[in-house]
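Peer 1: Provided below are the primary sequence and the corresponding predicted coordinates.
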Amino acid sequence: MAFETSRLLGFGDCDPAGIAFFPGYMRLLVSVTEEMFAASGTPWPAMIRERRIGVPTVKLDVDFVAPAFHGDELDFRVSIARLGGSSADLRHRVAVGERTVWTARQVLVATSLESHRAIRWPDDVRAGLAAHLETNDARDPAA
């Protein structure tokens with residue numbers, strides 16, 4: 001099941017004309033992804049400070065479909081297309097009402113903050129992420 005949340009498009013996320021500016025979108029994408037992990041039972045502060053696990057973005061592909069404006073409520077829908085041994089392929093859809101304003105494909109990788117190398121998802125993190133898989137066959141067979 002997809003993770004869903006909303007964010008108000010603030011002044012700091014827009015250009016002088018009040019139109020959303022892409023760096024603001026990226027800040028929102030990170031905050032929504034962090035919220036999804038927390039809702040899945042693995043908040044980033046604990047992962048980073050206590051478990052020494054990072055989740056850097058290693059690939060990001062964004063399609064801007066329509067403008068959004070200062071004060072718009074952005075509805076985020078995040079699902080996981082594939083959950084690998086150490087990676088997760090996320091799909092983001094951001095809409096204002098029924099109108100899609102942007103979509104993104106994001107690949108995250110679990111990494112050791114000591115070695116900066118990929119590590120396998122811990123079982124509890126994997127279980128939390130698996131709740132957001134698009135389909136039951138979206139798991140990596142080698143995972």
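Peer 2: Here it is on my side, so go on.
Peer 1: could you use CA atoms for every contact and neighbour count after this?
Peer 2: Noted.
Peer 1: got any ranges where this protein has weak pLDDT?
Peer 2: 136-143 (pLDDT under 70).
Peer 1: any chance you could map the helices in this structure?
Peer 2: With helices called from DSSP state H, the chain shows them at 22-39, 44-49, 123-130.
Peer 1: not counting its neighbours along the chain, what's nearest Ser87?
Peer 2: For Ser87, ignoring the flanking residues on the chain, the nearest one in space by Cα to Cα, 6 or more residues apart in numbering is Val109 at 4.3 Å.
Peer 1: check contacts around that neighbour.
Peer 2: For Val109, the contacting residues are Gly54, Val55, Pro56, Thr57, Val58, Ser86, Ser87, Ala88, Ala118, by Cα atoms under 8 Å, 6 or more residues apart in numbering.
Peer 1: identify the residue spatially nearest to the spatially most central residue of the chain, adjacent ones excluded.
Peer 2: In the chain, the centroid-proximal residue (Cα atoms, centre = their mean) is Thr33; its distance is 3.3 Å. Spatial nearest neighbour of Thr33, chain neighbours left out: Val78 (8.0 Å); criterion: Cα to Cα, 6+ apart.
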